[in-house]
Structure formats: structure tokens, C-alpha cells
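>>> need a structure here:
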Amino acid sequence: MEHHEHQGPASAASSQLCGGATLTAPHGVIATPNFPGRFPVPISCSWIIDASAIVGANVSIVVYLTQQYVLGGLRFTEYMYYSDDYKVPSMNVYELSEDDVTRVPWIRFNSPYLEVRFTMDSLYGTHLRALDRLLDVYGFNITYEVDAVKAHTCNALHCRFLGNCYAKQDFSSYYCDCYPGFSGPDCGDGPLCKDAHVCENGGTCKHVGDNAIACICPTGFKGSRCEISEYDEITGCNLEKEGEDCFRQCISTGDSQDVCRCDQSISSSSRGRAKYEMTVRLANASHFEVNENGEHQLNENTVTVLEKQINRFLRNFNLSKINDLEVFAIR
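Okay, here's the model as predicted:
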């Protein structure tokens, strides 16, 4: 059994009553009574999906949680065989949790029989709600198919709480039917995203409900507005990578005046800062002294001279500002 993540108005093989049906069609709709209106509670319903007569490669029972508004009470049980007087369970049971309502668009079952059971004692505090939307919807209107999983699916979250997820009439695909004022394949285009600069660094603005937005950031940026670079301002390193010695390097030897013409697409110099590392071979042992640990190190006078010479060398490349120049190690 797998679960990943909905659908059009109730149509083929829809159950108008609360359960009690054995569904043998290759696709159909399962819904609570009076969907999307209130239904009587306490309630207990059961549907059986019978796919035993359908054979083929990669065939399974897939349930798409298209309009899933209850936060619990749904339980799926697989059976290897199912009849009124004899049942062989497969031991696979999946109970929908509150988190699954938005995170899971579909659930796949590999057994030939599936029992869908719904129980609920109260309508209060048991349904998905979104500010200004989904305040008066109850129950569920979900789709099942005996087929491979569709490439494109949706649910309430995928439609950003700004549209209904429907199946096409032939169940060939799923789509978001957006509320007035919103558009796009996920209904994420709306009035708060009209400003092209609301997301920085090439981020894409998307509504999440009427009154909130989220920025989908390009590679290398993060933050609520994509304002934070994932690359270290000093080294140009990707901070997610392990290790301290991660630098964007450009190697220069000889007397070339065209030093460090690196790729600037994602580099620290694009933010006005760069780090240079160079090696100098010193032939005179008088430049060194032994520290208290018995290690050789550059004497203080030599360090000062080197820093001045390097500073002068870098200024010849018309650098506007040099910060924190330091000779920090010998090897």
C-alpha cells in the first residue's frame, strides 16, 4: 500500500446513500450524504470496492482524496477475498489522520478488495477549515480508480484552498476549478501576487488561501520572500554542504593580470565580497620563529610586511574596498 495525493462533481458509480454498496465499476465516487452539506451524526458507513474481475499489469485500487474535508474517521481495509459470509483480510489497514487530509493526495492499495469505512460522532471540530473559505463544507467526495496512479492529481491544499479539485468526466486526469478572482493550475495566482517584486531573487508568488502568500524560491535562495541566500557571503559555499573547506576557486599562476575571472552566476562577488587565498614560498628561515608549542610560525614582522605587500597587490586590481586582510597560516 502506498499513499501520495482529488476530482469533479459526483458522477459514475456514486453512492447516494451512506454506504452499503459494492462498487465493481473501474472508477467512481464515494461521498457522504448531502455533500458538501451537513450529514446526520452519529454516522457509520461502509463501501466495498471489488476489483477482483479487473486484471492487468500494474492494476491496483487507487483512492484520490479530492474533496476530503473530514479530519478523521476514514479507515481503509484491504482484503484478499470478501463476501457476505467469508472474508480473508490482507492485514493492511490504513486510517486517515488529520495531517493526511492536506498532505496525502492519493492512496494505492494492491489487494483485489477494499473496504472504505467512515464513522463520526460530531460535526464540530472535525472538519478542515480555511479563513474566508471552507467554512461550511462537510464530509468528503473522493474518487476511486482501478488503474495505475495518475501523473497529475490534486486535493484541497494543492488547489491552495482557493478551488475545488475535480476529476474530468472520463477520469483521465484531475484539475483545480478556481474560485472567482483566482487562476492558474493550482489557483495560486491572485490579487496579493500582482506585485512582481513581492518575492525576491526570482521567486514565484503563490496564494495560500485569500489572505496569505508563499514564495517558491529558485535554487540557492530561501526565506519567506526568497531573501536569504543559501551561499556563504564570504566563501561562496553552499551552506547545506558539509565541510569547512568549500570555496569557489580560480587558480592563477605566473604574471597574468587577468586573475580570478570566475563564473559569477552564484558567487560571493555578486554581493560585493570575495575571498582570495594565495601561497607564498619563503626561502629565508629568519622569517620563522618557534612558538610555545614547539611549532614554526611566521614572526610578527614578516606577517606585517606580507599583509602590506598583498594589500598593495590587490589594490592594483581596482578593488573598491578591502576588509579583514590577514595572513593566517603556513604550511
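>>> which phi and psi does Val303 have?
phi -60, psi -40 (degrees, to the nearest 10).
>>> quick one: pLDDT of it?
As predicted, Val303 sits at a pLDDT of 75.
>>> State the distance from it to Tyr86.
Separation of Val303 from Tyr86 (CB to CB, to the nearest Å): 88 Å. All C-beta spots, glycine's among them, are computed from the backbone N, C-alpha and C.
>>> any weak-confidence spans in the chain?
Counting by pLDDT under 70, the chain has low-confidence residues at 1-17, 55-58, 231-278, 283-288, 294, 296, 317-320, 323-324, 327-331.
>>> List the residues that contact the residue nearest to the spatial centre of it.
The centre of the chain sits closest to Ile216, judged by CA atoms, centre = their mean, with a distance of 9.5 Å. Neighbouring residues of Ile216 by CB atoms under 8 Å, 6 or more residues apart in numbering: Cys199, Gly203, Thr204, Lys206.
>>> For it, name its beta-bridge partners.
In this structure, Ile216 bridges to Thr204 when assessed by DSSP bridges.
>>> Distance check, it against Ser173.
Applying CB to CB to Ile216 and Ser173 gives a distance of 23 Å.
>>> same check, this time on Thr77
With CB to CB as the criterion, Thr77 and Ser173 are 28 Å apart.
>>> So those two - more neighbours on which side?
Higher neighbour count among Thr77 and Ser173: Thr77, with 22 against 13, using other CB atoms under 10 Å.
>>> Surely the more buried one forms part of a helix?
No. Read with DSSP: H, G, I helix; E, B strand; the rest coil, Thr77 is strand and lies in no helix.
>>> residues in contact with Pro191?
Counting by CB under 8 Å, 6+ apart, Pro191 has contacts Gly181.
>>> what are the phi and psi angles of it?
According to degrees, to the nearest 10, Pro191 has phi -60, psi -30.
>>> likewise Arg103?
Here is the backbone geometry of Arg103 (degrees, to the nearest 10): phi -90, psi -30.
>>> burial count for it?
For Arg103, using other CB under 10 Å, the count is 14.
>>> For Arg160, see how far away Lys308 is.
59 Å.
>>> swap that for Ile30, sorry
If you go by CB to CB, the gap between Ile30 and Arg160 works out to 24 Å.
>>> the more surrounded of those two?
Arg160 (27 against 24).
>>> list the contacts for that one?
Arg160 neighbours (CB under 8 Å, 6+ apart): Phe182, Asp186, Cys187, Gly188, Lys206, His207, Val208, Gly209.
>>> Among these, which are located in strands?
Taking DSSP state E, the ones among the contacts of Arg160 that sit in strands are Lys206, His207.
>>> which two in the contacts of Arg160 are spaced the farthest apart?
Asp186 and Gly209 (12.6 Å; CB to CB).
>>> So which of those two has more stuff around it?
Asp186 (19 against 15).
>>> residues contacting the more buried one?
Cys154, His158, Cys159, Arg160, Cys176, Lys206.
>>> okay but the first one is in contact with Tyr175, surely?
Yes. Contact status for Cys154 versus Tyr175: in contact at 6.8 Å, counting by CB atoms under 8 Å.
>>> For the helix or strand hosting Arg117, which outside residues touch it?
In the assignment (DSSP states H and E), Arg117 maps to strand 113-120. Residues outside strand 113-120 that contact it (CB under 8 Å, 6+ apart) are 18-19, 30, 32, 41-52, 61, 63, 70, 72-82, 126, 140, 144.
>>> Filter those residues down to the buried ones.
18-19, 30, 32, 43, 45, 47-51, 61, 63, 70, 72-74, 76-79, 82, 126, 140, 144 (16 or more other CB atoms under 10 Å).
>>> for the protein, what spans make up the helices?
100-103, 300-315 (DSSP state H).
>>> Export those to JSON lines and append columns for distance to Thr119.
Formatted as JSON lines, the helices of the chain follow (distance: least, CB to CB, whole Å):
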{"stretch": "helix 100-103", "distance to Thr119": "16"}
{"stretch": "helix 300-315", "distance to Thr119": "74"}
